[in-house]
Structure formats: structure tokens, C-alpha cells
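Engineer: Okay, here's the prediction I keep looking at, along with the sequence it came from:
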Amino acid sequence: MTRSTAMPDAASVTPRRRRRGLGVGILIGVLVVVVGGVVLADVAARAYATDQVERQLASRLPAGSGPVAVKIGGFSFLQQYLAGSFDTVELSAPSLAIGGVTGDAEITAHGVPTEMGGTVREASGSFTIGEDAVNALLVDRGLTDQAQLVDGAVQYESSFEVFGMTVGFRVTLEPRIDGDVVTLSPTSIEGLGSAPVDISAFIDEAGLAIPICAAELLPAGVQVTGIAVTEGQLRLDVAASDLPLTAEALTTTGSCGG
């Protein structure tokens with residue numbers, strides 16, 4: 001007796017393939033929805049936290065400060081929040097009032113606790129002040145002549161009386177860092193006018209140096225790592241480690257006292 005084997009036709013195979021393809025498509029769709037929901041939740045949580053940090057910082061900064069822009073970095077905000085620390089936080093304060101001076105602060109911090117009261121692992125950035133702010137600092141230190149910020153130096157013009165004549169001169173000073181003190185040290189003194197006088201015979205160059213306590217312009221614990229003078233601006237590069245994240249730490253400046 002001969003047994004015949006019937007081959008399934010195309011109509012009997014196609015539905016199973018379609019069901020398998022449909023199942024995979026549904027699974028992929030579910031994954032897309034889940035992942036998309038997590039991403040949206042992460043984005044929403046990051047935006048909410050950023051807004052809250054900006055509000056808290058604004059309420060804790062010294063009077064006269066402007067708004068603060070915050071950017072929380074890192075791949076997953078929710079994972080960082082649950083871990084209790086943000087990998088990177090960037091702060092931008094175009095009008096930060098501190099130590100009686102208003103300037104532009106740009107800070108990048110790493111290892112920032114998610115709650116106030118913790119400690120920032122490390123931070124670095126810059127604090128930039130304009131010519132008017134520099135002159136205000138110099139007036140407090142006895143210089144009444146208007147100074148100008150040129151490329152790499154501070155200059156001012158003054159005069160004195162000798163033998164019934166008024167002798168004008170220009171002093172050029174360059175900034176140097178010595179710990180917490182920035183000293184504007186004279187590098188040249190030149191007489192002004194058609195018949196310039198030898199200024200060195202009448203002025204003690206060393207006595208023209210102007211020390212400025214940079215610590216008084218920065219929160220306690222923040223160190224000056226560099227300084228640059230450009231046209232109309234003076235920039236202090238700063239850094240800190242293990243910086244307390246408290247209202248008192250953010251508003252208390254340092255000192256240069258022995």
C-alpha cells in the first residue's frame with residue numbers, strides 16, 4: 001500500500017508566519033513605548049530639578065545678584081538622583097554680587113549632592129569683572145586715578161608737582177598671584193608731555209604696587225588658579241574641592257588675614 005504525503009500549501013503556512021511577525025512587532029512596539037516613557041520621565045524630572053535648583057540658588061545668593069542658569073549633565077538624571085549625586089552641574093550667573101563687586105560667574109562642578117547640605121567634590125570656573133568694578137576695588141585701596149584694563153595689564157595716568165611744574169606720568173601694572181592675594185605690580189612708569197621728566201627720581205616704583213585680597217571676592221574655600229586681563233575685563237580662574245553646599249558657604253567670602 002502506497003502512503004502519500006501531502007505537502008502543505010502556501011495558504012496553510014502564511015498565517016503562522018504572519019502571527020510570528022505580528023508578535024515581534026507588538027514586542028518592539030511595547031519596548032519603544034516603555035523606553036520612550038522612561039526617557040520622557042527622565043527629561044521631565046531633569047527639567048523640574050533644574051528649575052528647583054535655579055530657584056534655590058537665586059534665593060541664597062547675595063542681594064543684588066541676577067538670575068542663575070543651571071544645566072545638569074550626565075546620561076540618566078533619575079539614576080544620578082537615586083545615587084544621591086549629579087555627575088556634572090554647570091552654573092552661569094551673569095550678574096553675581098559677591099564681596100561688594102558684581103561680575104560674571106561661570107562654574108562647572110562635579111560630584112554635586114542632590115540635597116543642600118552635602119559637599120561638592122570639585123569645581124572650577126571663572127569670575128569676570130569689568131573696568132568699573134576694578135576701579136571700585138582700586139579706590140578702596142587708595143588709588144583715585146581712573147584705571148584702564150588693556151591687554152594683559154592695568155594702566156592709569158596721574159601727575160605730581162615739582163619745581164612749580166605739573167608732571168604727568170603713566171603707570172603700567174601687571175597682575176601676579178601670591179596665594180589668596182593678587183598684586184598689581186608696576187612694570188613701567190613713563191613720563192607724559194613734550195618734555196618728559198625722569199620719573200624714577202621722584203617716585204618709588206615699589207610703592208606703586210597694589211595688593212588685592214582675591215579671597216574677599218570669592219566664597220571661602222575657593223582658590224584663585226589664574227588671572228587674565230583683557231580689554232575692559234579682568235578674569236579670575238578659580239577652583240575648589242570638598243566645597244560645602246550650604247547657604248552659608250555660598251554667601252560667606254574668604255579672607256587674607258594671617
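Structural biologist: Yes, it's here.
Engineer: Would you list the phi and psi of Ala206?
Structural biologist: Phi and psi for Ala206, reported as degrees, to the nearest 10, are phi -60, psi -30.
Engineer: Contacts only, for it.
Structural biologist: Ala206 is in contact with Pro186, counting by CB atoms under 8 Å, 6 or more residues apart in numbering. C-beta coordinates here come from the backbone N, C-alpha and C atoms, glycine included.
Engineer: Run through the strands of the chain in chain order.
Structural biologist: Listed in chain order, the strands of the chain (DSSP state E) span 69-72, 85-98, 101-113, 119-130, 147-150, 153-162, 165-178, 181-191, 210-213, 223-230, 233-244.
Engineer: Now tabulate those strands in TSV and tack on mean pLDDT and distance to Ile199.
Structural biologist: Formatted as TSV, the entries for these read as follows, by pLDDT from 0 to 100; distance: least, CB to CB, whole Å:
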stretch	mean pLDDT	distance to Ile199
strand 69-72	90	48
strand 85-98	89	37
strand 101-113	91	31
strand 119-130	93	29
strand 147-150	95	18
strand 153-162	91	9
strand 165-178	91	5
strand 181-191	91	5
strand 210-213	91	17
strand 223-230	94	23
strand 233-244	93	25
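Engineer: got a markdown table for these, with distance to Gly254 and mean neighbour count too?
Structural biologist: Written out in a markdown table, the entries for the strands of the chain read as follows (distance: least, CB to CB, whole Å; neighbours: other CB atoms under 10 Å):
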| stretch | distance to Gly254 | mean neighbour count |
| --- | --- | --- |
| strand 69-72 | 24 | 16 |
| strand 85-98 | 11 | 18 |
| strand 101-113 | 14 | 19 |
| strand 119-130 | 13 | 18 |
| strand 147-150 | 24 | 17 |
| strand 153-162 | 23 | 15 |
| strand 165-178 | 14 | 16 |
| strand 181-191 | 11 | 17 |
| strand 210-213 | 8 | 18 |
| strand 223-230 | 9 | 16 |
| strand 233-244 | 10 | 18 |
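Engineer: what would those strands look like in TSV with distance to Arg141?
Structural biologist: Putting the strands of the chain into TSV (distance: least, CB to CB, whole Å) gives the following:
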stretch	distance to Arg141
strand 69-72	33
strand 85-98	18
strand 101-113	13
strand 119-130	15
strand 147-150	11
strand 153-162	12
strand 165-178	12
strand 181-191	9
strand 210-213	6
strand 223-230	16
strand 233-244	14
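Engineer: That concludes my questions; thank you for your assistance.
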